[in-house]
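need a structure here:
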Amino acid sequence: MSTLLTINKLITQGRGLSRVLLARAATVSLDWDVRQKSRFDATDSQGRALGVFLPRGAVVRGGDVLVAEDGSLIAVQAAAQPVLVVTTCKEHGSAFDLVRAAYHLGNRHVPLELKPDHLKLEPDHVLADLLRQMHLTVTDAQAPFEPESGAYAPGATAGGHDHGHSQTHDHAHDHGQAHGHTHGPGCGHDHSHDHAPAAHAAPKTIPIQGAAAPHVHGPGCKHDH
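From the prediction side, this is the model:
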């Protein structure tokens with residue numbers, strides 16, 4: 001009986017691995033039914049029995065690389081499987097027809113692979129009839145299936161596409177308006193500034209008029225008494 005090779009690590013799309021390492025790696029071909037599970041058994045191209053134990057909620061995509069406990073690498077291939085391929089009518093269809101179909105299928109929580117010119121879903125004769133009633137062309141095919149991940153799932157898109165943004169962005173936005181900011185512990189600013197004391201303006205002098213001297217009537221006061 002062969003020894004089970006335990007795997008509990010996955011490298012998304014083999015990032016950081018050289019082409020030489022990837023070319024030498026064993027492969028394992030898995031359909032979507034298996035790859036959407038975080039724990040499963042499989043057999044790789046070298047005949048080794050694999051026991052995959054990934055964190056719960058993990059999804060394996062074609063192009064990902066599994067790392068075994070002995071350090072060996074196993075490249076994942078998305079196996080061809082039965083699918084329905086949905087395309088627009090060649091005579092009077094438009095791209096909007098695919099958008100409308102994706103909307104209705106999404107309302108039914110149907111796993112769906114989105115492409116610019118077609119949709120893919122697992123075989124379902126009820127859905128196939130619905131799509132044909134929407135004037136779409138539905139054909140049976142054997143092809144790899146990579147449905148979209150949920151909006152809040154890790155990666156968020158099929159294939160784990162990443163634009164390489166770091167989690168800590170250093171943006172210097174000029175919005176033309178001041179942002180309200182409160183200084184204090186944890187604000188991330190360096191407050192060890194050497195502030196010079198502000199210059200004080202000279203106090204203003206306000207002239208005060210004295211009260212007029214009382215008038216005394218008598219000789220020389222020039223009044224006509």
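
remind me which residues of the protein are low pLDDT?
Where the chain drops to pLDDT under 70, the residues are 1-2, 150-225.

Do you have the helices of it handy? List them.
19-24, 32-35, 95-107, 125-133 (DSSP state H).

Let me know which of those is the nearest to E113.
helix 32-35 (9.2 Å; C-beta to C-beta). Just so you know, the C-beta spots here come from the backbone N, C-alpha and C atoms, and that holds for glycine as well.

residues of the closest one that come out buried?
Within helix 32-35, the residues scored as buried using 16 or more other C-beta atoms under 10 Å are 32, 34-35.

Next: stretch 107-122.
If you call a residue buried by 16+ other C-beta under 10 Å, then stretch 107-122 has these buried ones: 112-114, 118-122.

How about residues contacting it?
32, 82-88, 95, 98, 101-102, 105-106, 124, 127, 143, 145-148, 158 (C-beta atoms under 8 Å, 6 or more residues apart in numbering).

Apply 7 Å and report the result again.
83-87, 98, 101-102, 105-106, 127, 143, 145-148, 158 (C-beta atoms under 7 Å, 6 or more residues apart in numbering).

Could I have the buried ones of those as PyMOL selection syntax?
Selection of buried members from those for PyMOL, criterion 16+ other C-beta under 10 Å:
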select buried, resi 83+84+85+86+87+98+101+102+105+127+145+146+147+148+158
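
what number of residues lie near the nearest residue to E69 once chain neighbours are set aside?
Using C-beta to C-beta, 6 or more residues apart in numbering and skipping the chain neighbours, the partner closest in space to E69 is T6 (4.7 Å). Counted with other C-beta atoms under 10 Å, residues neighbouring T6 total 12.

now the strands: where do they sit in this structure?
Here the chain has its strands, by DSSP state E, at 5-11, 26-30, 39-43, 49-53, 65-68, 73-78, 81-88, 113-114, 119-121, 136-143.

could I get these as a markdown table with distance to V59?
Output for the strands of the chain, formatted as a markdown table (distance: least, C-beta to C-beta, whole Å):
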| stretch | distance to V59 |
| --- | --- |
| strand 5-11 | 9 |
| strand 26-30 | 11 |
| strand 39-43 | 12 |
| strand 49-53 | 12 |
| strand 65-68 | 13 |
| strand 73-78 | 11 |
| strand 81-88 | 16 |
| strand 113-114 | 13 |
| strand 119-121 | 16 |
| strand 136-143 | 18 |
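
so which of those comes closest to V20?
Closest to V20 of the strands of the chain, according to C-beta to C-beta: strand 73-78, at 11.3 Å.
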